[in-house]
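> Pasting the sequence and the predicted coordinates here, then a few questions.
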Amino acid sequence: MKKLCIFFLAAAFFSSPQLAASPAETQVAEAIKAPGLMVVHLWAPWCSNCQAELKSGGWAKAVKDNPGVKFYFVSVWNGGEDGRAVLTKYEIAQQPNVTILADPGPRGAAHIKLFAGLPLSWIPTTWIFKGGDLRYALNYGEIRFPVLQQFVTDSNSDWEH
């Protein structure tokens with residue numbers, strides 16, 4: 001009986017809707033496994049830090065200067081809206097190496113705290129992956145674009161050890 005209760009508790013826990021991956025999360029998790037370099041940027045159009053990054057032109061330049069890198073802009077904590085209009089305004093949405101997604105999670109206290117198995121506690125958050133490996137995680141606030149470019153360059157270098 002005790003094992004049966006534990007089984008049902010575990011089944012309820014693991015089938016909870018809060019733990020189910022969103023389509024955006026599933027797509028990013030699959031894309032991360034691919035060879036090549038990928039930048040995942042978690043953001044929201046209402047976030048002042050995210051707006052400051054866009055207004056600086058840094059994201060548009062980073063995307064244009066790195067055509068071989070795949071960029072995923074994932075709007076989170078934004079009620080399922082992807083922010084495409086904002087990214088279009090800043091000449092990001094039109095770029096061929098950009099994918100725009102939205103996590104349907106709510107804004108506020110109930111927002112997601114994990115995305116693709118990684119902690120998400122602040123936006124903007126930017127992750128750099130190569131061939132399935134997380135190379136850099138910038139989890140707290142606005143990015144400095146020369147630093148992002150250095151991380152992209154370093155991630156593209158061969159690390160044969």
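Great, that's in hand. Numbering: from 1, shown residues only.
> Run through the strands of the protein in chain order.
Using DSSP state E, the strands of the chain run over residues 37-43, 70-75, 98-102, 114-115, 118-119, 125-130, 133-138.
> just for this protein, where's the confidence low?
Counting by pLDDT under 70, the chain contains low-confidence ranges at 1-19, 107-108, 159-161.
> if you set the cut-off to 90 instead, what comes out?
Judged against pLDDT under 90, the low-scoring parts of the chain cover residues 1-22, 79, 104-117, 119-121, 139-142, 156-161.
> can you list the strands of the chain in JSON lines and add distance to G58?
(Each C-beta comes from the backbone N, C-alpha and C, glycine too.) Below are the strands of the chain laid out as JSON lines (distance: least, C-beta to C-beta, whole Å):
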{"stretch": "strand 37-43", "distance to G58": "11"}
{"stretch": "strand 70-75", "distance to G58": "12"}
{"stretch": "strand 98-102", "distance to G58": "14"}
{"stretch": "strand 114-115", "distance to G58": "22"}
{"stretch": "strand 118-119", "distance to G58": "22"}
{"stretch": "strand 125-130", "distance to G58": "11"}
{"stretch": "strand 133-138", "distance to G58": "13"}
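> Now distance to A60 and mean neighbour count too, for those strands, in a markdown table please.
As requested, these are exported to a markdown table (distance: least, C-beta to C-beta, whole Å; neighbours: other C-beta atoms under 10 Å):
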| stretch | distance to A60 | mean neighbour count |
| --- | --- | --- |
| strand 37-43 | 12 | 24 |
| strand 70-75 | 11 | 24 |
| strand 98-102 | 10 | 19 |
| strand 114-115 | 23 | 18 |
| strand 118-119 | 25 | 13 |
| strand 125-130 | 15 | 22 |
| strand 133-138 | 18 | 15 |
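> Of all those, which one comes closest to P23?
Distance to P23, taken as C-beta to C-beta, is lowest for strand 98-102 among the strands of the chain, at 7.9 Å.
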